[in-house]
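1. what follows is a protein structure lacking sequence information:
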């Protein structure tokens, strides 16, 4: 069984399309699956959206994506975990790629990332470069990461010491455990933060998150102060 684990905080507007896309992709692939939505202290209708889409709701109050993902994994029943952001659309071809990689012995991996809608020119120019760099380094973008249950347990899940760049830390841990791949198939992440924040803000966040061991990535207050933290993950 595949467990799709979706952490969410005040995502009532975008969560529905994300879950609908996961249902459609998983049904087309023909694998048994479940949707697990980790509602991390939302104050809107996120939990209701999850329930109406047939997802297993997990209510937590971590306000930290690494901890929320770990809580979702503890509630999940599948042998393959796919972690998806609440504002990210996943397609049948991507799920097929994940299943093929899994059957070929991969313990984890990621996918290429695209943004929806119109985004600034710098983002259109920078994104292909980042996608190639992440694939060359075999690192998953935070909006989409998959791994086997056994690998997740072996590396002790997402490192909750990190409030940013946790997907990079997880990718490196999984690579040490076994075969890790970055698929050429893509997922589509909301470009909303690219449309509402300046290039300077976005680039500063990205530069800091790439430096995994920068003290900023372990500082809850510093991460919370940057609303664009999740733009690339």
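-> All right, it came through fine. Note that the structure is predicted; figures quoted are calculated from it, not measured.

2. roughly how far apart are the residue lying farthest from the centre of the chain and residue 134?
-> What lies farthest from the middle of the chain is residue 121; by Cα atoms, centre = their mean that is 24.2 Å. For residue 121, the distance to residue 134 equals 21 Å [Cβ to Cβ, to the nearest Å]. (Glycine included, C-beta is placed from N, CA and C.)

3. give me the pLDDT for the residue nearest the centre of the chain.
-> Closest residue to the average C-alpha location of the chain: residue 143 at 2.6 Å, with Cα atoms, centre = their mean. We have a pLDDT of 93 for residue 143.

4. was I right about it contacting residue 114?
-> No: between residue 143 and residue 114 there is no contact under Cβ atoms under 8 Å: 10.5 Å.

5. what touches both of the two?
-> Shared contacts of residue 143 and residue 114, defined by Cβ atoms under 8 Å, 6 or more residues apart in numbering, comprise 187, 189.

6. all the strands of this protein, in order from the start?
-> Counting by DSSP state E, the chain has strands at residues 2-8, 33-40, 56-60, 80-84, 88-89, 108-115, 144-148, 180-189.

7. rounded mean pLDDT for the second one, please.
-> Looking back up the chat, that one is strand 33-40. In this model, strand 33-40 has an average pLDDT of 98.

8. which residues of this protein score low on pLDDT?
-> 119, 122-123, 131, 191-233 (pLDDT under 70).

9. mind redoing it with 80?
-> 116-135, 163-165, 190-233 (pLDDT under 80).

10. from residue 115, how far off is the residue farthest from the centre of the chain?
-> Using Cβ to Cβ, one obtains 13 Å as the distance from residue 121 to residue 115.

11. right, I'll call it a day here.
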